[in-house]
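In: sharing a sequence plus its predicted fold:
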Amino acid sequence: MNTIEIKNLHFSYNAGEEILKGLNLTIDERSTAIIGQNGAGKTTFVKLLKGLLRPTEGQILFNGQDISKQTVATLAKDIGLIFQNPNDQIFKNTVLDEVMFGPMQIGMSKDKAKEVALKALDMVGLKGTEKINPYDLGLSERKMVSIAAIVAMDTKVVIFDEPTIAQDYMGKKRIQAIMKELQRQHKIVISILHDMDFVAETFDRAIVFAKGDALLDGDVKSVFKEKDILEKAYLEQPYTMQLCYELGYKEAFLNPEDFVAYKKANQ
Ligand SMILES: Nc1ncnc2c1ncn2[C@@H]1O[C@H](COP(=O)(O)OP(=O)(O)OP(=O)(O)O)[C@@H](O)[C@H]1O
């Protein structure tokens, strides 16, 4: 089983202003959502996992090996990060070249890279767009290109930074299906999210970041039950849960499907 162990992780951009203050966590193959108010340190944390930043103190162990001092190039085979803004990631002139780039960088032949790129494009719903310039696509499709570019690399860890931004209902459903498929392949799936309903419907575990530490950590339902603590972190419960509590139910459901199933079974 793949694991990432975070031990006493500290990080500062500027001396005297700690962004992460001794974080301790173990991330496993349960899909993990990282939530928390703006500026809580979520993006900083995933950049540390990807090797884009170096901890000021502490360790990041991937399958037991300390990766906190490894280069981005060495880590690229194992850890994929899909940026919040696809424009920060995409630089090739065609969709196919963009998605083939990562696989070729980690040593795949051109033929193999093309094969995995076409498969990844199919998975994100962009079959047939291979020759298009990514910047001629809309933002939501460009985000899918950036997802395909990481999926094609077949890394053991796939990190998403705000994947649902600019996605409509169908786009969110597709991202949910991609995450479930990656999890089925025993990859570690981590995502930063602001959409609590999406978290409730998609993830096994949620970690609430606040003031440089994990304020809450547990299965999604137990985390979302902690209304008062969530409020301190400026987070809302998922809408279905809010509705259940407002209606006086003791049992609160994470999503409409579970609520409706309960109602039908108890009519
Ligand atoms: N390159 C940088 N130099 C200095 N400070 C930075 C830098 N990047 C981020 N910060 C600061 O670090 C803190 C944490 O930022 P970070 O982007 O990790 O938060 P976040 O939880 O991802 O927020 P958001 O939800 O808005 O993306 C913020 O106060 C931010 O202003």
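Out: Received it, and whenever you're ready, just let me know what you need.
In: who's in contact with the spatially closest residue to Pro86 that is not a sequence neighbour?
Out: Spatial nearest neighbour of Pro86, chain neighbours left out: Ser146 (4.0 Å); criterion: Cβ to Cβ, 6 or more residues apart in numbering. Heads up, the C-betas are built off the backbone N, CA and C, glycines and all. Counting by Cβ atoms under 8 Å, 6 or more residues apart in numbering, Ser146 touches 82-83, 86, 89-90.
In: how does it look with 6 Å?
Out: 82, 86, 89-90 (Cβ atoms under 6 Å, 6 or more residues apart in numbering).
In: quick check: residues of this structure near the ligand?
Out: Within the chain, the residues that sit near the ligand (Cβ under 6 Å from any ligand atom) are 13, 19, 36, 38-44.
In: repeat that with 5 Å
Out: For the chain, the residues in contact with the ligand (Cβ under 5 Å from any ligand atom) are 13, 19, 38-44.
In: of these, buried ones?
Out: The neighbour count (16 or more other Cβ atoms under 10 Å) marks 19, 40-44 as buried among the residues of the chain next to the ligand.
In: which parts of this protein are helices?
Out: Ranges of helices in the chain, per DSSP state H, are 42-50, 72-75, 95-105, 110-123, 139-151, 169-184, 196-202, 220-224, 227-232, 239-246, 256-265.
In: could you say which of those helices is packed most deeply?
Out: Highest mean neighbour count of the helices of the chain: helix 139-151, a mean of 24 (counted as mean count of other Cβ atoms under 10 Å).
In: out of the helices of the chain, flag the one nearest Asn8.
Out: Closest to Asn8 of these is helix 42-50 (Cβ to Cβ; 12.7 Å).
In: put the alpha carbons of the closest one into CSV.
Out: Presented in CSV, the C-alpha positions along helix 42-50 are these (Å, rounded to 0.1, in the frame of the first residue of the first chain):
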residue,chain,number,x,y,z
LYS,A,42,-3.0,24.0,1.5
THR,A,43,-1.2,24.8,-1.8
THR,A,44,2.0,25.3,0.1
PHE,A,45,1.6,21.8,1.5
VAL,A,46,1.0,20.1,-1.8
LYS,A,47,4.0,22.0,-3.3
LEU,A,48,6.1,20.5,-0.6
LEU,A,49,4.8,17.0,-1.4
LYS,A,50,5.7,17.6,-5.1
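In: how far does it sit from the chain's center?
Out: Distance, stretch centre to chain centre, for helix 42-50: 11 Å (Cα atoms, centre = their mean, to the nearest Å).
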